[in-house]
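Novice: quick one, what's the 3D model for this:
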Amino acid sequence: MEAKAMKGFQIMNGLGRAVTLLITGLLIIWLSVAAVPVTAAKKASEQKPVKIRYAAFIGMTGLGFWLGKEKGFFEEAGLNLEMVEVGDKVSAFAAGEIDFADLATTNAIIGAGRGAPLKIVASMFRTKGPFYLLARPEIKRVEDLRGKKVGVGAIGSGMDVYTRVILKKHGLDPERDVILINNGVYQQAMASLEAGQVAATIIHEPFVSLAERKGTGRLLARGWDYLPTFHTGVLVASDAFIKKHPDLVRKLIATYFKSNIYAKSHPDELLDFGTRYLRVDRGVLKAALDRERVIWENNPDVDLNALEDTQKIQIDLGFQDRRFDVGKILDLRFIPR
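Specialist: Residues are numbered from 1 along each chain as shown. Predicted structure coming up:
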């Protein structure tokens, strides 16, 4: 009797262990299956490219960059750009609204010098001022502007600097001999010239070539002939972006220059793209690009002496109240070598 009871107990005990093992196995399988989507989702999230808020220049200054973007160079490099349009880029950096930007060198120096959370990380594809003093056809020389209105783009800007220096070198006092007008840039500046609101204006290409084609303007001076060391364009990143994503800063600079090197070495493709992008006649654009080819450097290095010259000119004209230590606003370790 006792032997039968013991045998029954052993059978029941064995069945219990089998059930326990079965339940444990099923639980392990369920946990494994349930964990798969969570792990996959986590990995997918980790692999998703970081969104980079980039405020780029437009017009001819941005032509090479935008061509590279259209060709997918930035995506190929794993860069997820969100293009951002802002009026005041330094303020946008201060507000944490952008991560990376093309910026006028003077704005970068003054902004960072006064504490804005940004650093100059490279030069743009060119650093000499692509600005022109364009006059109405009846104006033959810079000296003929005495007593007349001259557009400077925006008072205190780099374009204003070029205007004043050109006038001074032709014996005109910008404060006494002409009337300086804040007439905007690009189409706005061109419209003010064609409407006769100003006798001359500082302006970008392709408006010079367009005016020459239409017979509505005469080129009086090229900016870089008067200020060869005045630095005009830099790539800038926010302090937070540099700290968090130094690898992306390096990739951004490399891809920016890949785009501009490609654009310069493929002139026909650049013309095709630029004609669509700028909505300008192909012949006009070709003339504009040919004129500026001499200052298309594609060199990311930053000339410290040029930055010092730029600050000195700014201070001499009263556009900058003091010299800033550029060593504290540069971070050039990401430039391709």
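Novice: which parts of the helix or strand where residue 67 lies are buried?
Specialist: For residue 67, the element it lies in under DSSP states H and E is helix 63-70. Neighbour counts over helix 63-70 (16 or more other CB atoms under 10 Å) mark 63-69 as buried. Backbone N, C-alpha and C define where each C-beta goes, glycine included.
Novice: before we move on, what about stretch 246-254?
Specialist: Using 16+ other CB under 10 Å as the test for burial, stretch 246-254 gives 248-249, 251-254.
Novice: filter these down to just the ones in helices.
Specialist: Among the buried residues of stretch 246-254, DSSP state H puts 248-249, 251-254 in helices.
Novice: which of these sits closest to residue 238?
Specialist: Within these, proximity to residue 238 (CB to CB) peaks at residue 249, which comes in at 9.9 Å.
Novice: surely that closest one touches residue 241?
Specialist: Yes: with contacts counted by CB atoms under 8 Å, residue 249 reaches residue 241, the gap being 6.9 Å.
Novice: what do these two both touch?
Specialist: Among the neighbours of residue 249, those also in contact with residue 241 (CB atoms under 8 Å, 6 or more residues apart in numbering) are residue 100.
Novice: pLDDT weak spots in this structure?
Specialist: 1-47 (pLDDT under 70).
Novice: pick out the residue nearest the middle of it.
Specialist: Geometric centre of the chain, nearest residue: residue 102, 2.3 Å, by CA atoms, centre = their mean.
Novice: distance-wise, check the closest residue to it other than its chain neighbours relative to residue 177.
Specialist: Distance criterion CB to CB, 6 or more residues apart in numbering; nearest residue to residue 102, sequence neighbours excluded, is residue 57 at 4.3 Å. Distance of residue 57 to residue 177, computed by CB to CB, to the nearest Å: 32 Å.
Novice: now the strands: where do they sit in the protein?
Specialist: Remark: strands assigned in the chain by DSSP state E are 51-55, 80-83, 100-104, 118-123, 132-135, 149-151, 179-181, 200-203, 218-222, 233-238.
Novice: tell me which of those lies nearest to residue 317.
Specialist: For residue 317, the closest of the strands of the chain is strand 179-181, at 11.9 Å, according to CB to CB.
Novice: now do the same contact list for residue 119.
Specialist: Shown in contact with residue 119 (CB under 8 Å, 6+ apart): 112, 236-237, 239, 242, 329-331.
Novice: beta partners of it?
Specialist: residue 237 (DSSP bridges).
Novice: these two touch, right, residue 130 and residue 204?
Specialist: Yes: under the criterion of CB under 8 Å, residue 130 makes contact with residue 204 at 6.2 Å.
Novice: common neighbours of these two, please.
Specialist: 60-61.
Novice: make sure residue 237 is actually in contact with residue 118.
Specialist: Yes: the pair residue 237 / residue 118 is scored as a contact, 6.8 Å apart, by CB under 8 Å.
Novice: from residue 123, how far off is residue 283?
Specialist: For residue 283, the distance to residue 123 - CB to CB - is 30 Å.
Novice: wait, residue 88
Specialist: Taking CB to CB, one finds residue 88 at 22 Å from residue 123.
Novice: neighbour count for these two, which is higher?
Specialist: residue 123 (26 against 11; other CB atoms under 10 Å).
Novice: beta partners of the more buried one?
Specialist: Beta-bridge partners recorded for residue 123 (DSSP bridges): residue 234.
Novice: surely it touches residue 302?
Specialist: Yes: between residue 123 and residue 302 there is a contact under CB under 8 Å: 5.1 Å.
Novice: identify the contacts common to those two.
Specialist: Taking CB under 8 Å, 6+ apart as the criterion, residue 123 and residue 302 both touch 231, 234.
Novice: right, I'll leave it there.
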